[in-house]
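S.K.: quick one, structure for this:
(one chain, ligands or ions: 1)
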Amino acid sequence: VKRSSTLNNNKVLGYPISIFFIVVNEFCERFSYYGMRAVLVLYFKYFLRWDNDLATSIYHTFVALCYLTPILGAIIADSWLGKFKTIIYLSIVYAIGQVTMAVSAIHDITDKDRDGTPDNMTFHVAMSMVGLFLIALGTGGIKPCVSAFGGDQFSEHQEKQRRTFFSVFYLCINGGSLLSTIITPILRAQECGIYTQEKCYSLAFGVPAALMVVALVVFIVGSGMYYKAEPQGNIMLDVCKCIGFAISNRVRHRGKQYPKRKHWMDWAEDRYDKLLIAQIKMVLKVLFLYIPLPMFWTLFDQKGSRWTLQATTMDGNFGALVIQPDQMQTVNPILILTLVPIMDSLIYPLIQKCVNFTPLRRMTVGMLMAAIAFVCAGLVQIEIDKTLPTFPSASQSQFVNGMGMALNVSTPGVYVGLIDSSYYSNYSLVNNGKIIFTIWSDTQACNYSREFGFGSSYTFYIPGNLVCQNDITATEDIKPNTAHMALQIPQYFFITAGEVMFSVTGLEFSYSQAPNNMKAVLQAGWLLTVAIGNFIVLIVAEVAKIPEQWAEYILFASLLIVVCVIFSIMAHFYTYINPAEIEAQFMKKGDDNDEDDKKQLQKGMEMVKRNSTGSHSYDGDDDDDERKKTKM
Ligand SMILES: CC(C)C[C@H](N)C(=O)N1CCC[C@H]1C(=O)O
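M.R.: Okay, here's the model as predicted:
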């Protein structure tokens, strides 16, 4: 039983007011994180002048680090500072990191010769690496704490409200990320500078930095309203020692003369209190269940890579709207914003009328949905392959100069180059839509315009007697993409519906099944599945050499289905628990036990008492009581 009585007075519609500050904080933080991430690769490539490979590797390493550091944040929170202080301190580190990034992107700082390019690249690289490290520490460190801290604001009997909170929390993640991925690229495209005007990366990083400061301020403003659980001493050290002792004790008592114990962790009973052992068992059970989960994220993360590449071979013309391949990714947060409320208010209650749609069942269906998404991606790929020639590469054009003199050809943003007489240019990449080329020689200049479809490729022949527009002959080397990007919508729909069922549920499940003193640790365990999924994508990208892309999609779908079957079997044997109830039972048992046991349990009881800060209000729906001990 937790939460102070003062909290119960600060409610709106049965929800603690404190969660308002937490969800606003999450919105601003995710704006900051995803906004910075949206322009990061371009910053590496165009500002730091790294090649594609280095830019991609550092980008993925950074993303993976952001999902590894939650372990650190969780340990600090659960063992030392508590969630509130950890969030405050690591948010400061995070904001400093964002500001460092913004400063590292000011080209004028080292542009001594005022030519628009930084003269001391080492300075900018060093600053941005320090900035990224601090950001990874901050964003990852606070992530498990913020979600667990939000969950802490509800009493044990407000499970329904707590579930809604996790849905709103997820909406805020995606609202923030959607807005920032639209806004920061626009900011980046602006020009700024003191001596010369260059692409404004400092603004694109500066606005996320400002949002992180806002996130911190909002969180501090709510300070008086939070329930703040005290950390339980160095719990992670106790956990490790207890597990270590259980293993060594088990090994020391191998013979038949030693009676078996129900669980291998019970071998720690000789030295550690039963409550701690029970809590470790709860955590291990959930962590064991997580083993197959990274596979979901492996598929999910390919939205940003494989699916975006797929979109480059498609037609993004939606009439009034022309969608670029990488912009298709925003379909995910847009769909999250629509699907979460629909699922919560309509789909789940409807399904619940027919079957007991438990969290683990939802997660299983979520994984199946992701597999279906990849089958859709495979089918779309087959459709694309029917229309796709192989040479030359997409969206390019070349010019053949038939004139007796050298010619220059350019279009805004692209300089095709100087073409010698009776010679040809290289293929140049241009945008889709109407493009106007300027062709000029020493004696004449003219404009030539042409409509380019997505993925098309042309050779233009400039005759000897050039007058312009009508004289140039165009040969279509590759037809424009005919498979429309709208074909990707079903795969985005299924992966996002899967995400809602899998990720939102998983977040809440991780909270509800964790003992009070290890809530943040289990949230971090959940986030670790995202990190491992990211790593698998990196490995797969290097190792998988499947020549047909559609076959790779189907392979991934099949792998996820296999993993899904394994998960559903594991989930079948999982018994839902109410950690607070189990912890309370140890208090009760203590009264009935013999003296020795009583002494052992004393410590555990103290722990539970420390968790129980004040009275508890039974005001929420307790519709989950019958599920407390249900199977999958
Ligand atoms: C990739 C989207 C912008 C965000 C995504 N839908 C999402 O909410 N998440 C992906 C990893 C976990 C979660 C997050 O916390 O960002």
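S.K.: report the secondary structure element holding the closest residue to Pro325 other than its chain neighbours.
M.R.: Take Pro325 and drop its neighbours on the chain: the residue closest to it by Cβ to Cβ, 6 or more residues apart in numbering is Ala311, 3.6 Å away. In this view, the C-beta of every residue, glycine as well, is placed from N, C-alpha and C. Element membership for Ala311 (DSSP states H and E) is helix 306-312.
S.K.: quick one: contacts of that helix?
M.R.: Around helix 306-312, the neighbours that count as contacts under Cβ atoms under 8 Å, 6 or more residues apart in numbering are 325-326, 328-329, 377, 380-381, 384, 394, 455, 485, 488, 491, 549, 552-553.
S.K.: rerun that using 6 Å as the cut-off
M.R.: For helix 306-312, contacts defined as Cβ atoms under 6 Å, 6 or more residues apart in numbering pick out Pro325, Asp326, Met328, Met485.
S.K.: pretty sure Pro70 is touching Cys145, no?
M.R.: No. With contact defined as Cβ atoms under 6 Å, Pro70 and Cys145 do not form a contacting pair (8.4 Å).
S.K.: domains in this structure, by residue range?
M.R.: What automatic domain parsing lists as the domains of the chain is 5-231+286-385+485-572, 235-284+582-627, 396-478.
S.K.: list the buried residues for the helix or strand where Leu132 lies?
M.R.: Element membership of Leu132 [criterion: DSSP H and E] is helix 121-152. Under the neighbour-count criterion of 16 or more other Cβ atoms under 10 Å, helix 121-152 has 124-125, 127-129, 131-152 buried.
S.K.: what about the helix holding Ala311, near the ligand?
M.R.: No. Helix 306-312 does not reach the ligand (Cβ under 6 Å from any ligand atom); its nearest approach is 11.8 Å.
S.K.: show me which residues of that helix are buried.
M.R.: Buried residues in helix 306-312 (16+ other Cβ under 10 Å): Arg306, Trp307, Thr308, Gln310, Ala311, Thr312.
S.K.: how close does the third one sit to Ile478?
M.R.: As for Thr308, its distance to Ile478 is 20 Å (criterion: Cβ to Cβ, to the nearest Å).
S.K.: backbone dihedrals for Gln488, please?
M.R.: phi -80, psi -10 (degrees, to the nearest 10).
S.K.: just to revisit the earlier point, mean confidence score for the helix holding Ala311?
M.R.: On average, the pLDDT along helix 306-312 is 87.
S.K.: same check, this time on stretch 20-35
M.R.: Averaged across stretch 20-35, the pLDDT comes to 97.
S.K.: give me the distance from that stretch to the chain's centre.
M.R.: 13 Å (Cα atoms, centre = their mean, to the nearest Å).
S.K.: start the count at 14 instead of 1 going forward.
M.R.: Happy to do that; since the first residue is 14 now, the last one works out to stretch 33-48.
S.K.: so which bits of the stretch 414-563 of the chain are right by the ligand?
M.R.: Residues of the stretch 414-563 of the chain lying near the ligand (Cβ under 6 Å from any ligand atom): Glu512, Ser516, Val543.
S.K.: now the chain
M.R.: Within the chain, the positions adjacent to the ligand are Tyr47, Ile186, Asn187, Ser190, Asn345, Pro346, Ile349, Glu512, Ser516, Val543 by Cβ under 6 Å from any ligand atom.
S.K.: between those, which is nearest Trp453?
M.R.: In terms of Cβ to Cβ, no member of these lies closer to Trp453 than Tyr47, at 43.6 Å.
S.K.: next one: that closest one from Thr343, what distance?
M.R.: Tyr47 is 10 Å from Thr343, where distance means Cβ to Cβ.
S.K.: name the residues contacting each of the two.
M.R.: Common contacts of Tyr47 and Thr343 (Cβ under 6 Å, 6+ apart): Thr194.
S.K.: those two: which is more packed in?
M.R.: Neighbour totals were compared for Tyr47 and Thr343, and Tyr47 leads with 20 against 16 (other Cβ atoms under 10 Å).
S.K.: burial check on the residue nearest to Met583 when sequence neighbours are not counted, number of neighbours?
M.R.: Using Cβ to Cβ, 6+ apart and skipping residues adjacent in sequence, the residue nearest Met583 is Leu302, 5.6 Å away. By the criterion of other Cβ under 10 Å, Leu302 has 21 neighbours.
S.K.: after the helix or strand where Leu302 lies, next one along is what?
M.R.: Of the helices and strands defined by DSSP H and E, Leu302 is found in helix 287-303. Using DSSP H and E, the helix or strand that follows helix 287-303 towards the C-terminus is helix 307-313.
S.K.: convert that next one to CSV, retaining C-alpha atoms only.
M.R.: C-alpha atoms of helix 307-313 as CSV (Å, rounded to 0.1, in the frame of the first residue of the first chain):
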residue,chain,number,x,y,z
PRO,A,307,13.7,-7.9,-29.2
MET,A,308,12.5,-9.6,-32.4
PHE,A,309,9.5,-7.3,-32.5
TRP,A,310,11.8,-4.2,-32.4
THR,A,311,14.0,-5.7,-35.0
LEU,A,312,11.1,-5.6,-37.4
PHE,A,313,9.8,-2.3,-36.1
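S.K.: output the contacting helices and strands for it.
M.R.: Counting contacts by 3 or more Cβ pairs under 6 Å, 6 or more residues apart in numbering; DSSP states H and E, helix 307-313 packs against helix 372-400, helix 532-556, helix 562-585.
S.K.: try 8 Å this time
M.R.: Under the contact criterion of 3 or more Cβ pairs under 8 Å, 6 or more residues apart in numbering; DSSP states H and E, helix 307-313 touches helix 372-400, helix 502-512, helix 532-556, helix 562-585.
S.K.: quick one: the shortest one to chain centroid distance?
M.R.: This means helix 502-512. From the chain centre to the centre of helix 502-512 is a distance of 15 Å (Cα atoms, centre = their mean).
S.K.: same question for stretch 227-243.
M.R.: Distance of stretch 227-243 from the chain centroid (Cα atoms, centre = their mean) equals 24 Å.
S.K.: just the CA coordinates for that stretch, please, in PDB.
M.R.: Extracted C-alpha coordinates of stretch 227-243, given in PDB (Å, rounded to 0.1, in the frame of the first residue of the first chain):
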ATOM      1  CA  VAL A 227      10.900  23.400 -20.700                       C
ATOM      2  CA  ALA A 228      10.500  19.700 -19.900                       C
ATOM      3  CA  LEU A 229      12.700  20.100 -16.800                       C
ATOM      4  CA  VAL A 230      10.900  23.300 -15.700                       C
ATOM      5  CA  VAL A 231       7.500  21.600 -16.100                       C
ATOM      6  CA  PHE A 232       8.700  18.600 -14.100                       C
ATOM      7  CA  ILE A 233      10.000  20.800 -11.300                       C
ATOM      8  CA  VAL A 234       6.800  22.900 -11.100                       C
ATOM      9  CA  GLY A 235       4.800  19.700 -10.300                       C
ATOM     10  CA  SER A 236       7.200  18.900  -7.500                       C
ATOM     11  CA  GLY A 237       4.800  19.500  -4.600                       C
ATOM     12  CA  MET A 238       2.200  17.200  -6.100                       C
ATOM     13  CA  TYR A 239       4.200  14.000  -6.700                       C
ATOM     14  CA  TYR A 240       4.200  10.800  -4.700                       C
ATOM     15  CA  LYS A 241       8.000  10.200  -4.300                       C
ATOM     16  CA  ALA A 242       8.900   6.600  -3.300                       C
ATOM     17  CA  GLU A 243      12.100   6.500  -1.300                       C
END
